[in-house]
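J.: Need a 3D model of the sequence below.
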Amino acid sequence: MDSSRRAFLGTAAFGASSLAALSGVALAETAKPDAGNPGDGGFGRQVRQLPPGQTVAYHDPKDVGEMPEFTRSLDGSKPKVTSGGWAKESTEHQLPIMTGLAGVHMFLDPGGSRELHWHAIAAEWAFVIGGRCQTVVLDPSGQTEINNFEPGDLWYFPKGHGHSIQTIGDEPCHFILSFDNGSFSEHGTFSITDWFDVTPKDILARNFGITKELFDAFPKGETYIQSGPMLPVAKAIDAPWPRESTHKFSLLKDVRSRRDFEGGTFNLATVDEWPASKTMSGGLMVIKPGKMKELHWNPNANEFHFFLRGKGQVAMFGSGGRGKVADVKAGDSAYIPAGYGHAIVNTGEEDLEVVQTWDSGKFEEITLKHWVETSPKYLLSNNMAGVPEATLDKMQRA
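T.: Residues are numbered from 1 along each chain as shown. Down below sits the predicted model:
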């Protein structure tokens, strides 16, 4: 990593733990905090200028609160294991800041299937990491779509749509799932076996027009991820919808998804490229060693990260004199609330791969560098009092 990035990270790390406290001490020793007496400045139209206050504003910790933890080892958590595979999750129950999005890493054994189910409070977005699988989704109109997936493909299921996932071939399949509700738990879905188990058999018999004794053979409880015979690739026939609102998007093959940047590559699918994905957008970012995804914020959506490979640092700015830097590695997750400034830096010797999702179909981003470059020089000079003009000139070079 070059010296400028080391300086940035060092400053950010210092600010995360000490800046607010030290600023308070300095002001207490040299001057009063930036607060006047009640009524100072006048009322309504009858207002007046006050004597100059502090050059740097004081942030009272009681007003802004402590910067929350925003990273967690998703893969370091305990998996839910059933006969056909496992799943691990990060939600607001494990990381309270995650109010808008939840994340799951799911692994299906050969022959395993995530049973027929639906989510009452969240849509589902997925990135296939390894292996092959098939999804079946049923929408409210009664139409069914069947799609086959390979690494780099995405799927999206709207809230309440019934769906299932099954491994194809003799290799396991695993994927990262994201849901647009932080309180959603993958371990508490509406599953078909669970429904059969808790419903009286006479009602089931009436519903399906068969005798109730036939339901004695059904599973006694939720199978969740069920083992079964391996589904050969040749028999996994898909039946995609003949329209653009398909639930599948080939992220790494579709040229519309490319949004590369100076530090690496970025493949992103939004509702503009993929009309079915109305409430979520997401993709794969690869940051080269020593490079970074520049300081920016997303004004319209919360952001979830799952780190597939490499190691790095995420620096987050939370207003009110708050900042925090966290080290991340493969298997970790991070959550950035909407509007919070942040950057991602690759601190390792290999590519840093990040699956990212946002809880909006529209992707919006504002970068700090562009903001500085396009602001009037006199405004920057005023804001950054004491900074040499030559420094501002260098920062404004496009």
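J.: show me where the stretch 1-150 of the chain has strands.
T.: Using DSSP state E, counting those that start in this stretch, the strands of the stretch 1-150 of the chain run over 42-43, 46-47, 71-73, 80-82, 85-90, 102-108, 113-118, 124-130, 133-138, 144-149.
J.: who touches the second one?
T.: Strand 46-47 is contacted from outside by G41, using C-beta atoms under 8 Å, 6 or more residues apart in numbering. Backbone N, C-alpha and C define where each C-beta goes, glycine included.
J.: re earlier: dump the strands of the stretch 1-150 of the chain into CSV; add distance to M384, mean pLDDT and mean neighbour count as well.
T.: Rendered in CSV, the data for the strands of the stretch 1-150 of the chain read as follows (distance: least, C-beta to C-beta, whole Å; pLDDT from 0 to 100; neighbours: other C-beta atoms under 10 Å):
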stretch, distance to M384, mean pLDDT, mean neighbour count
strand 42-43, 30, 94, 9
strand 46-47, 28, 94, 8
strand 71-73, 31, 98, 19
strand 80-82, 51, 97, 16
strand 85-90, 38, 98, 23
strand 102-108, 38, 98, 25
strand 113-118, 53, 97, 20
strand 124-130, 40, 98, 23
strand 133-138, 52, 97, 22
strand 144-149, 50, 97, 19
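J.: of the ones you listed, which approaches N302 most closely?
T.: In terms of C-beta to C-beta, the element of the strands of the stretch 1-150 of the chain nearest to N302 is strand 102-108, at 10.6 Å.
J.: same for that closest one, what does it pack against?
T.: strand 85-90, strand 162-167, strand 173-179, strand 303-309 (3 or more C-beta pairs under 8 Å, 6 or more residues apart in numbering; DSSP states H and E).
J.: follow-up on the earlier one: want to try CSV for the strands of the stretch 1-150 of the chain, with distance to H174 as columns?
T.: As requested, the strands of the stretch 1-150 of the chain are exported to CSV (distance: least, C-beta to C-beta, whole Å):
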stretch, distance to H174
strand 42-43, 64
strand 46-47, 62
strand 71-73, 17
strand 80-82, 14
strand 85-90, 8
strand 102-108, 4
strand 113-118, 11
strand 124-130, 5
strand 133-138, 9
strand 144-149, 12
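J.: right, and those - which one's nearest Y224?
T.: Set against Y224 and scored by C-beta to C-beta, the strands of the stretch 1-150 of the chain come closest in strand 80-82, at 4.6 Å.
J.: and the closest one, which strands flank it?
T.: On the basis of DSSP bridges, the sheet neighbours of strand 80-82 come out as strand 85-90 (antiparallel).
J.: which residues sit against the partner strand?
T.: The contact list for strand 85-90, computed with C-beta under 8 Å, 6+ apart, reads 72, 74-75, 77-80, 98, 102-109, 112, 114, 172, 185-187, 225, 333, 335.
J.: what do you get for stretch 266-278?
T.: By C-beta under 8 Å, 6+ apart, stretch 266-278 touches 125, 154, 156, 158, 244-247, 249, 251-252, 254, 256-260, 281-286, 361-363.
J.: Restricted to buried residues, select those in ChimeraX.
T.: Selecting only the buried entries of those in ChimeraX, with 16 or more other C-beta atoms under 10 Å as the criterion:
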select :125,154,156,158,246,247,249,251,252,254,257,281,282,283,284,285,286,361,363
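J.: And the pLDDT at A20?
T.: At A20, the model reports a pLDDT of 38.
J.: So what's the residue count around W274?
T.: Neighbours of W274 under the rule other C-beta atoms under 10 Å: 26.
J.: Which phi and psi values does it adopt?
T.: Backbone geometry at W274, expressed as degrees, to the nearest 10, gives phi -140, psi 90.
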